[in-house]
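Asks: missing the sequence, but the structure's below:
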Ligand code: ZN
Ligand code: ZN
């Protein structure tokens, strides 16, 4: 059991610092049944803060697995209109969206990755309005974790259910700063540090970056003209701001979808829709993945890469030093929310329009023309080893060290 006081504190941090929930605003919470104690506390505090309505969409990974296994392909690849309208409607009304992740990383083991991809594609296509709204940051959203039993035992194998859940909660509370005396102040200081790095990167106007590590990574990625480095909180129309992920340690931007050359080798396994991909590598040419391999889960990579034209190109470049709290903890969470914040990463697929000057008011076609990638997928994968070096390259060919030995090479 998570102590009541800690649960209250965590919920307070998510609603106040993360979502910045407003009086009169609607709030929607997606969560699994296991997270009920947190959801009830969130609901209590949200109404106390003056929320107009709080909707809860309960989810259960076991039922979801039965659906993947039991439905015919036609049903699996169609997403009901009423359900799409529910998600799109939330966004249209400026609803604050909170997703609590607590599921077993192996929940969908044994399910054909292509069937999961099929269902995922149908949902993304039907809920484009909501996806656009989240990607462009016009309504607040937040993803945070809650320790589910199976997830906890995956992270801490060999422990009893209770011990594993307690340890995973300790880890979550540590990396989200929820256990510090004043989490609000801790987040303010963290945001200020992120802002300083962002300002430095934005002033450099790099045209490309070169990655090198002893595991075989030797890779150059282009950055689009007018790219913007972003990170931490997102500002809505210059007024309020929200933090889309707790934890978050990354500073990220939009790579040029046409310019990526060489090989990127994974630093951590990728847990994707309940399947694990380990020891993988991608080779790029002219921005496209032309070769890839994995010790396990190669079929999962195939499912991702063949989704559409943009799925085999890069949509995100993100920098995280190897001395961040998550990297220091050195724990594999089997969850992208945490693991991506432990390591420098890239994402295959869609870019964030906010990473391109004026991108939020451009359509996808114009963004793609400018080199900003589009796809139905966005899949982060980790490449940040402790010996990673990153060099920024300016248009005139000047080279500037950005990372050395896995950490920032600048103050
Ligand atoms: Zn990222
Ligand atoms: Zn990402």
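Replies: Structure received. Because the structure is predicted, anything quoted here is derived from the model rather than measured. Ligands and ions are numbered 1, 2, ... in the order given.

Asks: which of the residues in stretch 233-242 are buried?
Replies: Of the residues in stretch 233-242, 233-234, 236, 242 count as buried by neighbour count, 16 or more other Cβ atoms under 10 Å. For every residue, glycine as well, the C-beta is placed using N, CA and C.

Asks: of all these, which two lie farthest apart?
Replies: 233 and 236 (10.0 Å; Cβ to Cβ).

Asks: quickly list what's touching both of these two.
Replies: Taking Cβ atoms under 8 Å, 6 or more residues apart in numbering as the criterion, residue 233 and residue 236 both touch residue 242.

Asks: residue contacts, residue 35?
Replies: 100, 102, 146, 148.

Asks: make sure residue 280 is indeed in a strand.
Replies: Yes. Assigned with DSSP: H, G, I helix; E, B strand; the rest coil, residue 280 falls within a strand.

Asks: nearest to ligand 1: which residue in the chain?
Replies: At 3.9 Å from ligand 1, residue 318 is the closest residue in the chain, using Cβ to the ion.

Asks: is that residue in a helix, a strand, or coil?
Replies: Assignment for residue 318 (three-state DSSP): strand.

Asks: so what's the residue count around it?
Replies: Residues near residue 318, counting by other Cβ atoms under 10 Å, number 23.

Asks: bridging across strands, which residues link to it?
Replies: residue 252, residue 345 (DSSP bridges).

Asks: that one and residue 254 touch, don't they?
Replies: No. At 10.8 Å, residue 318 does not count as touching residue 254 under the criterion of Cβ atoms under 8 Å.

Asks: now the end-to-end length of stretch 32-41.
Replies: Counting by Cα to Cα, to the nearest Å, you get 14 Å between the two ends of stretch 32-41.

Asks: for residue 24, which non-adjacent residue is spatially closest?
Replies: With Cβ to Cβ, 6 or more residues apart in numbering as the criterion, residue 24 has its nearest non-adjacent residue at 5.2 Å, and that residue is residue 52.

Asks: check which strands are paired with the lowest-mean-pLDDT helix or strand in the chain and give the direction for each one.
Replies: Lowest by mean pLDDT, DSSP states H and E among the helices and strands of the chain is strand 234-236, with a mean of 81. Strand 234-236 sits in its sheet next to strand 240-242 (antiparallel), going by DSSP bridges.

Asks: and the partner strand, how far out from the chain's middle?
Replies: Relative to the chain's own centre, strand 240-242 is displaced by 18 Å; criterion: Cα atoms, centre = their mean, to the nearest Å.

Asks: any idea of the mean pLDDT in it?
Replies: Confidence over strand 240-242 (mean pLDDT, whole number) is 88.

Asks: residues of the chain that sit close to ligand 1?
Replies: The chain comes close to ligand 1 at residues 250, 252, 318, as judged by Cβ under 5 Å from the ion.

Asks: up against ligand 2, what does the chain have?
Replies: Applying Cβ under 5 Å from the ion, we find that the chain lies next to ligand 2 at 316, 347, 380.

Asks: find the nearest non-adjacent residue to the second one, please.
Replies: What it means is residue 347. Residue 347 sits nearest to residue 316 (Cβ to Cβ, 6+ apart), 3.6 Å away.

Asks: pretty sure the one you found contacts residue 340?
Replies: No. Applying Cβ under 8 Å as the test, residue 316 and residue 340 come out as separate, 9.6 Å apart.

Asks: which one's more surrounded, the two?
Replies: Higher neighbour count among residue 316 and residue 340: residue 340, with 28 against 23, using other Cβ under 10 Å.

Asks: assign that one to helix, strand or coil.
Replies: helix.

Asks: apart from its chain neighbours, what residue comes closest to it?
Replies: residue 380 (4.6 Å).

Asks: does that neighbour have any beta-bridge partners, and if so which?
Replies: In this entry, residue 380 is beta-bridged to residue 347, by DSSP bridges.

Asks: any common contacting residues for residue 316 and residue 340?
Replies: Taking Cβ under 8 Å, 6+ apart as the criterion, residue 316 and residue 340 both touch residue 380.

Asks: ok so residue 154 is a strand residue?
Replies: No. Judged by three-state DSSP, residue 154 forms no part of a strand; its state is helix.

Asks: distance-wise, check it relative to ligand 2.
Replies: Residue 154 sits at a distance of 22 Å from ligand 2 (criterion: Cβ to the ion, to the nearest Å).

Asks: in strands, which of the contacts of residue 35 appear?
Replies: Mapping those onto strands (DSSP state E) picks out residue 100.

Asks: the contacts of residue 35, buried ones only, as a PyMOL selection?
Replies: Buried subset of the contacts of residue 35, written as a PyMOL selection, criterion 16+ other Cβ under 10 Å:
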select buried, resi 100+102+146+148
